[in-house]
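[1] missing the sequence, but the structure's below:
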């Protein structure tokens, strides 16, 4: 058991922290949100330069050779900076599907290009009626000559409007919620009907229609395990991102309490407020602990154990981030209600994270079904 | 960063687990598992079994019986000890007065007291709190006045846990009436047989007698029983309470309680289904499990930081462990109340439970569920109340 970062990890952490501090000022981010893509290709190139886009890819794919800990460090920094580039969509989701699907030719072709920042991708999986059921897939894949063609509608696709390539889940056989019979296909984005929009937290997503869309390649014809593993890793990413956001939100609140004066003294001198700030700290530390746990367990090979651990982490972090976020706004007062202040933006991001890849209640339900969180 | 236990750490854990399960009699461990208390004789018996193997005071300096373990080994030891429902070595001896004597006592004190404390040849109790000095401990008024080569102690202590069994008491007493309140306090060791000491038991809401009032009426104590320097007792008390806090999360005990709750919930039925299969009950259970898992990781993080902190300096983050650990211990007692249901009502004393000839009423552990729920309200009060822990965190971590 060792919580210390290795020299390489420390170096990675320092450089990503510095980069985010450098390019993610409040005004800089505000300009990004107003741009048409909603994110910056210039920033993306800087991520590539620093090795972030291949942080957890093998060295043979021009990656950094890192693992879950490296991903956690990046996610925390992105959480603090409220980064809006399509990292989760491209590297964690699409990159994860490619890494886990085991098709060497696709890995050789795409992972180096992702790492180099040459291609962005997304994972078109969620559908209107799926809620949080990962096995709900009604979009169909049917044989067409030598290949496959895709039909149907995908929804809430993270960074779906700007992705160059799309990995889409589609049903080959079985009923709409069967775990078996789900395939993963690579599709070129050009010519697809995509309706992009901003999300509450300044990220981007899209509705995507597939209409006799030809698949360029097949990642898997039995993808349940690959999808579950990848989404668990994405959950671990979101846990770490939430911790980064909570850290900064808490620190900002404490600073504010020390400077904001009412009744002739800093509001931080009032014990009733101090204790609430401490309760936020307790939530933050419990969340941080479970983010570490999610990181540690995200590469666990026993799928049931991994999914329990991830759900336990998401329950803790979902609960903690809601409490901490609401308290951060309350302790600030009116200023945190404005778009000109960072705390509200953190709150929005944390609130959306809680609804991505399963909300707190759905993860709790997974644990209840399993009978235990241990 | 590697968040798994090493092969050596796992082997260490397995060895301890095996020892605790085989060497400490099941009749004692079963009592704790079922929510009863070890008797004085059983506490002594268990501690001597541990001590014979060097496991009563592993965190003490090596020359006084310590093991020079890494913080993580100490953590594993506590976890396994608690999960096996082994009575913890008496905290007043092993976590409180022992480390203070080893750190600040004279050579004579060390030779006279430490080995006997480790073996529970002397039973120690704590003379800190007073009727007028609870959370504001430094306002204590028990006075020790120098008279030749003695101190004469007058005053009243309270909440003295298991004082009825004690051979010795370590007392915080005021030795300088004029000094600022933290600066006039001394740490004095007192033989409970000294004339002028009166112990009166206090019955607590669980029906048991765990705590006492202790009166000092012109109690003459040899001056050599002063630990360290005169008027420095507050520093030693802070050192002692810092030691107490790291163990206070008692995660292993909560784990053992949850295991017992599962066993019993599998035997109770709600309509057609077992309670353990009831979704609402399961939800409450997993909520506690999630927080306990998080607390265990937090504890491990605090343990891992220890190597970077000066020895003997409490880590303020251990206040997080105290707050959450006590809340979770209390949560497990509430779950047990849910399991036992209406059969929490019949009341029997522990003596009646142990020595009766009649069959028990209701499910297993029914008689201890409510007393334990009542009793465990104490854990967010003692060892520095959770409000005091919040004050500590506000000051030491948040910088208010």
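    Okay, I see it. Note that the coordinates shown come from a computational prediction; the quantities given were computed from them, not determined experimentally.
[2] domains of the chain?
    Using chain A here. Annotated domains of chain A cover A:7-119, A:122-222, A:225-370 [automatic domain parsing].
[3] not quite, go with chain B.
    B:7-89, B:124-232, B:248-396.
[4] in three-state terms, label the residue nearest to residue A:248 when sequence neighbours are not counted for me.
    What sits nearest to residue A:248 in space, not counting adjacent residues and going by CB to CB, 6 or more residues apart in numbering or on different chains, is residue A:80, at 4.6 Å. From N, CA and C alone the C-beta is placed, and that goes for glycine too. Following DSSP: H, G, I helix; E, B strand; the rest coil, residue A:80 is assigned to helix.
[5] next one: residue A:80 from residue A:52, what distance?
    Distance, residue A:80 to residue A:52, by CB to CB, to the nearest Å: 14 Å.
[6] compare the two and say which is more crowded by neighbours.
    residue A:52 (28 against 23; other CB atoms under 10 Å in any protein chain shown).
[7] the closest residue to the more buried one other than its chain neighbours: what's it in contact with?
    Nearest residue to residue A:52 in three dimensions, chain neighbours excluded: residue A:74, at 5.6 Å (CB to CB, 6+ apart). Listed by CB atoms under 8 Å, 6 or more residues apart in numbering or on different chains, the contact set of residue A:74 reads A:12, A:16, A:52, A:55, A:87.
[8] quick one: whichever residue of the stretch 151-300 of chain A sits closest to chain B from residue B:388, how far?
    Closest approach between the stretch 151-300 of chain A and chain B, counting by CB to the nearest CB: residue A:289, at 3.4 Å. In this view, residue A:289 and residue B:388 are 23 Å apart by CB to CB.
[9] residue B:37 now?
    26 Å.
[10] returning to that earlier point: identify each buried residue in the helix or strand harbouring the residue of the stretch 151-300 of chain A closest to chain B, please.
    If you go by DSSP states H and E, residue A:289 is part of helix A:271-297. Buried residues in helix A:271-297, defined by neighbour count with 16 or more other CB atoms under 10 Å in any protein chain shown: A:273-297.
[11] what ranges in the chain fall below the confidence cut-off?
    No chain in the question, so chain A it is. Nowhere does chain A drop to pLDDT under 70.
[12] that's the wrong chain, I wanted chain B
    Using pLDDT under 70, chain B drops low at B:244-246, B:311-312.
[13] go again with 80.
    B:241-248, B:310-314 (pLDDT under 80).
[14] ok, longest helix in it?
    helix B:279-305 (DSSP state H).
[15] that one packs against which elements?
    On a contact count with 3 or more CB pairs under 8 Å, 6 or more residues apart in numbering or on different chains; DSSP states H and E, helix B:279-305 meets helix A:271-297, helix A:303-332, helix A:360-370, helix B:71-83, helix B:251-265, helix B:318-340.
[16] ok, which stretches of chain A are strands?
    Secondary structure of chain A (DSSP state E): strands located at A:121-124, A:140-144, A:147-158, A:165-171, A:182-188, A:193-198, A:204-214, A:217-220, A:261-262, A:265-266.
[17] winner for burial among these?
    Among the strands of chain A, ranked by average contacts under mean count of other CB atoms under 10 Å in any protein chain shown, first place goes to strand A:121-124 (a mean of 29).
[18] re the thing from before, top of the contacts of residue A:74 by neighbour count?
    Per-residue neighbour counts (other CB under 10 Å) across these peak at residue A:52, which has 28 neighbours.
[19] quick one, strands of the stretch 101-250 of chain B?
    B:124-127, B:143-147, B:150-157, B:168-174, B:185-191, B:197-203, B:209-222 (DSSP state E, counting those that start in this stretch).
[20] and those strands as CSV, adding distance to residue A:316 and mean neighbour count?
    Output for the strands of the stretch 101-250 of chain B, formatted as CSV (distance: least, CB to CB, whole Å; neighbours: other CB atoms under 10 Å in any protein chain shown):
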stretch, distance to residue A:316, mean neighbour count
strand B:124-127, 35, 28
strand B:143-147, 49, 17
strand B:150-157, 41, 21
strand B:168-174, 39, 25
strand B:185-191, 41, 24
strand B:197-203, 39, 14
strand B:209-222, 34, 18
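[21] tell me which of the ones you listed lies nearest to residue A:199.
    The closest of the strands of the stretch 101-250 of chain B to residue A:199 is strand B:209-222. By CB to CB, the value is 56.0 Å.
[22] so which elements touch the closest one?
    Checking 3+ CB pairs under 8 Å, 6+ apart, strand B:209-222 ends up next to strand B:150-157, strand B:185-191, strand B:197-203.
[23] for those strands, which one sits closest to residue B:2?
    Residue B:2 sits nearest to strand B:185-191 of all those, at 41.8 Å, using CB to CB.
[24] farthest residue from the center of the chain?
    Looking at chain A here, since you left the chain open. residue A:264 (43.5 Å; CA atoms, centre = their mean).
[25] other chain: chain B
    Farthest-from-centroid check, chain B (CA atoms, centre = their mean): residue B:272, 41.2 Å.
[26] quick one: distance of the helix holding residue A:289 to the chain centre.
    What separates the centre of helix A:271-297 from the centre of its chain is 20 Å, taken as CA atoms, centre = their mean, to the nearest Å.
[27] check stretch A:227-240 too.
    How far stretch A:227-240 lies from its chain's middle: 7 Å, per CA atoms, centre = their mean.
[28] how about stretch B:323-334?
    So, by CA atoms, centre = their mean, the centroid of stretch B:323-334 is 15 Å from its chain's centroid.
[29] what's in contact with that stretch?
    Contacts with stretch B:323-334, where a contact means CB under 8 Å, 6+ apart, come from A:282, A:286, B:248-251, B:253-254, B:257-258, B:261, B:288, B:291-292, B:295, B:298, B:369, B:372-373, B:376-377, B:379-380, B:386, B:389-390.
[30] now the buried members of those.
    Applying 16+ other CB under 10 Å to the contacts of stretch B:323-334 flags A:282, A:286, B:248-251, B:253-254, B:257-258, B:261, B:288, B:291-292, B:295, B:298, B:369, B:372-373, B:376, B:379-380, B:386, B:389-390 as buried.
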